[in-house]
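Asks: only geometry, no sequence info:
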């Protein structure tokens, strides 16, 4: 898949076939995340990979998106290492770049993924359930799998004339 | 360029040939940014495009990276519309996803780009110089142009075993 076409055709995918994501694909997705740029190259992102039925079901209790979390073959919980932070705003931006790389990589591999943010309301419970040190703060959970159906429509996007404030 | 290969081969590019970025390429880059995902699809990103010699020189005074800002054929100042914010952390992450889409799009078009964050120390001055309403907050400046030389090495990245906290 061509890079620009991949950026334009990526969609949030919320339904998956009952088929595991290969170890090779997972590796590519994580490496893609690790290649994001970060301020001072501090690379504050950390990952927990979840395939366990039991853990997925427990996490599903902590979000409105229970069905997505319990049915996804693969979850990647993305944390920020608070010891690595140098600037909250820039580090949160960097985490977003890391997540976008992973979403695009999944798309490029023929997988579908969705970025779950609502589960941050239960960030501490998720961290505790995953047994991660409390210096790690949950930033998002990505659900990933083989898409159950054709790609949906892109959710509405503002036209450029509403985004481009001025040209100088 | 293939999507995964593009993610892996992207580098920060800080030196540019004296050649403008075409209107078509700029359009593709901005559309790529606009296709990023955002929480509640709130799309809080706004852009100011800068090609003016005078404006670039003024902005160059506001950062340590003066040479990059004054020599880049194209700058894109990325703002967040504070009226659109619903969650600071998630919105800053979304801005990062938007920026990463633009950096990747530039790379896919054969251009080089770099994400400048240090200039945020002068965010208010930049906003004032660009004549943007104070409800807009500067998030980053991207410098973009045709690379002056071959791609450099990737800055060091932590190996996955330092990033992957656990697999469950």
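Replies: It's in. Bear in mind the structure is a predicted one, so any value in this text is a computation, not a measurement.
Asks: double-check that residue A:77 belongs to a strand.
Replies: Yes. With DSSP: H, G, I helix; E, B strand; the rest coil as the criterion, residue A:77 is assigned to a strand.
Asks: what pairs with the residue lying closest to it once chain neighbours are set aside across the strands?
Replies: Sequence neighbours aside, residue A:48 is the residue nearest to residue A:77 in space, at 4.3 Å (criterion: Cβ to Cβ, 6 or more residues apart in numbering or on different chains). Backbone N, C-alpha and C define where each C-beta goes, glycine included. Residue A:48 has these beta-bridge partners by DSSP bridges: residue A:77, residue B:166.
Asks: the residue nearest to residue A:11 when sequence neighbours are not counted in helix, strand or coil?
Replies: Spatial nearest neighbour of residue A:11, excluding adjacent residues (Cβ to Cβ, 6+ apart): residue A:151 at 4.8 Å. Counting by three-state DSSP, the backbone at residue A:151 sits in coil.
Asks: and the nearest residue to residue A:44 once chain neighbours are set aside, how far from residue A:46?
Replies: Closest residue in space to residue A:44, ignoring its immediate chain neighbours: residue A:84 at 4.0 Å, by Cβ to Cβ, 6+ apart. Note on residue A:84: its distance to residue A:46, by Cβ to Cβ, to the nearest Å, is 9 Å.
Asks: and these two? Which one has more around it.
Replies: residue A:46 (23 against 17; other Cβ atoms under 10 Å in any protein chain shown).
Asks: so the more buried one sits right up against residue A:80, yeah?
Replies: Yes. The pair residue A:46 and residue A:80 passes the contact test of Cβ atoms under 8 Å, sitting 7.2 Å apart.
Asks: identify the contacts common to those two.
Replies: By Cβ atoms under 8 Å, 6 or more residues apart in numbering or on different chains, residue A:46 and residue A:80 have these common neighbours: residue A:136.
Asks: so the residue positioned nearest the centre of chain A: helix, strand or coil?
Replies: Closest to where the C-alpha atoms of chain A average out (Cα atoms, centre = their mean) is residue A:142, at 3.5 Å. Secondary structure state of residue A:142, per three-state DSSP, is strand.
Asks: list the contacts of the residue nearest to residue A:154 when sequence neighbours are not counted.
Replies: In space, and not counting its chain neighbours, residue A:154 is closest to residue A:11: 6.3 Å by Cβ to Cβ, 6+ apart. Taking Cβ under 8 Å, 6+ apart, we find residue A:11 in contact with A:112, A:151, A:152, A:153, A:154.
Asks: one more: residue A:110?
Replies: Counted by Cβ under 8 Å, 6+ apart, residue A:110 has contacts residue A:146.
Asks: again, 7 Å this time
Replies: By Cβ atoms under 7 Å, 6 or more residues apart in numbering or on different chains, residue A:110 lies in contact with nothing.
Asks: and it, how far is that from residue B:3?
Replies: 11 Å.
Asks: closest residue of chain A to chain B?
Replies: Chain B sits closest to residue A:96 of chain A, with a gap of 2.7 Å, by Cβ to the nearest Cβ.
Asks: give the residues shared as contacts by residue A:84 and residue A:46.
Replies: Contacts common to residue A:84 and residue A:46, judged by Cβ under 7 Å, 6+ apart, are absent.
Asks: which residue ranges of chain A form helices?
Replies: Counting by DSSP state H, chain A has helices at residues A:3-9, A:23-34, A:53-60, A:66-71, A:88-108, A:123-130, A:160-163.
Asks: is the shortest one anywhere near chain B?
Replies: Same thing as helix A:160-163. Yes. Using Cβ under 7 Å from any Cβ of the partner chain, helix A:160-163 reaches chain B at A:160, A:163.
Asks: for that helix, list every residue counted as buried.
Replies: Of the residues in helix A:160-163, residue A:163 count as buried by neighbour count, 16 or more other Cβ atoms under 10 Å in any protein chain shown.
Asks: which helices and strands does it pack with?
Replies: Secondary-structure packing of helix A:160-163 (3 or more Cβ pairs under 7 Å, 6 or more residues apart in numbering or on different chains; DSSP states H and E): helix B:23-34, strand B:45-50.
Asks: tell me the buried residues in the longest one?
Replies: Within helix B:23-34, the residues that qualify as buried are B:25, B:26, B:28, B:29, B:30, B:31, B:32, B:33, B:34, counting by 16+ other Cβ under 10 Å.
Asks: model confidence score at the last one, please.
Replies: What the model reports as pLDDT for residue B:34 is 98.
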